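Participant: Okay, predicted coordinates and the sequence, questions at the end:
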Amino acid sequence: MTTVDGGTPKGRRVRITMLALLGAAVVALAAWQVVAHGSLSAVRIAVDAAPVQCDGAEVGLYPGITDDPFQDDVQQPLIVLEDGMRCSIRFAVVNDGWVDAAIEVAGLPMLADDMAWPLTAVMVNPNGQTRLPDNESAAEFAIEGLHVLPTERLGFTAIVDYDAAKTENVAQCTRFSAEPIYVRVNVLGVTRDIRAAPETPVWYASGTNAECDL
């Protein structure tokens, strides 16, 4: 086996070269991380003014409240629960960065199987038919093979059904909301959960305003 004496001129040159290569690798890795995290910060979820449509149920408005002093309070979707209903909740992933963003998972908070609400998360379209193990209180679906290109947006639709087996867990005239939807995004090997704005939840009601004197 050939060895290099670090005390000789040749050995010192080898050692300096190795240190330089190591330093370059560290700098490259740091730059990679900076680019990846910066690109992830440029990915967001957008929700339009009327993101919910239901078959077999009424969709109204619930007065939302924001803590932002520069933003007016918003009207949030309110779904009146009905047996047999199916609701579609639309959202879009927007990539304002300069690197492709891979969408790996879509999460629907408060819709895990062990939650008491009479709701079941069915799927997320497109490419989100495979349900993963619940992540604490959230139902999660694997999103297969979808990327959002730089400066573009990609629309998704979460499908939620009424679950009659859980109706005894919710009293009449109850109002409740789920936390906003999130997606798990991978950019250059770095992963982060990107959540919709906190003032964009969907509200649910057991009973109409007339029935509940609201």
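Facilitator: Okay, I see it.

Participant: residues making contact with stretch 138-153?
Facilitator: Where contact means C-beta atoms under 8 Å, 6 or more residues apart in numbering, the residues beyond stretch 138-153 that reach it are 43, 46, 92-113, 121, 123-124, 126-134, 154, 182-183. All C-beta atoms are positioned from the backbone trio N, CA, C, and that covers glycine.

Participant: Show me just the buried residues among these.
Facilitator: 43, 92-95, 97, 99, 101-112, 121, 123-124, 127-128, 134, 154, 182-183 (16 or more other C-beta atoms under 10 Å).

Participant: Distance check, Leu81 against Ala49.
Facilitator: Summarising the geometry, the distance separating Leu81 from Ala49, computed by C-beta to C-beta, to the nearest Å, is 22 Å.

Participant: the more surrounded of these two?
Facilitator: Neighbours per residue, other C-beta atoms under 10 Å: of Leu81 and Ala49, the larger number sits with Leu81, 23 against 7.

Participant: Excluding chain neighbours, what is closest to that one?
Facilitator: Ser206 (5.2 Å; C-beta to C-beta, 6 or more residues apart in numbering).

Participant: And Ile45, by the same measure?
Facilitator: Residue nearest to Ile45 in three dimensions, not counting chain neighbours: Ala196, with 4.1 Å by C-beta to C-beta, 6+ apart.

Participant: Do you know the pLDDT at the residue nearest the centre of the chain?
Facilitator: Centre of the chain computed as the mean C-alpha position; nearest residue by C-alpha atoms, centre = their mean is Tyr182, 1.5 Å away. In the predicted model, Tyr182 carries a pLDDT score of 96.

Participant: go on, Cys212?
Facilitator: In this prediction, Cys212 carries a pLDDT score of 78.

Participant: What distance do you get for it to Val80?
Facilitator: For Cys212, the distance to Val80 equals 10 Å [C-beta to C-beta].

Participant: what about those two, which has more around it?
Facilitator: Neighbours were counted for Cys212 and for Val80 using other C-beta under 10 Å; Val80 has more, 19 against 14.

Participant: hang on, that one packs against Ala57?
Facilitator: Yes. At 5.8 Å, Val80 and Ala57 qualify as touching, with contact defined as C-beta atoms under 8 Å.
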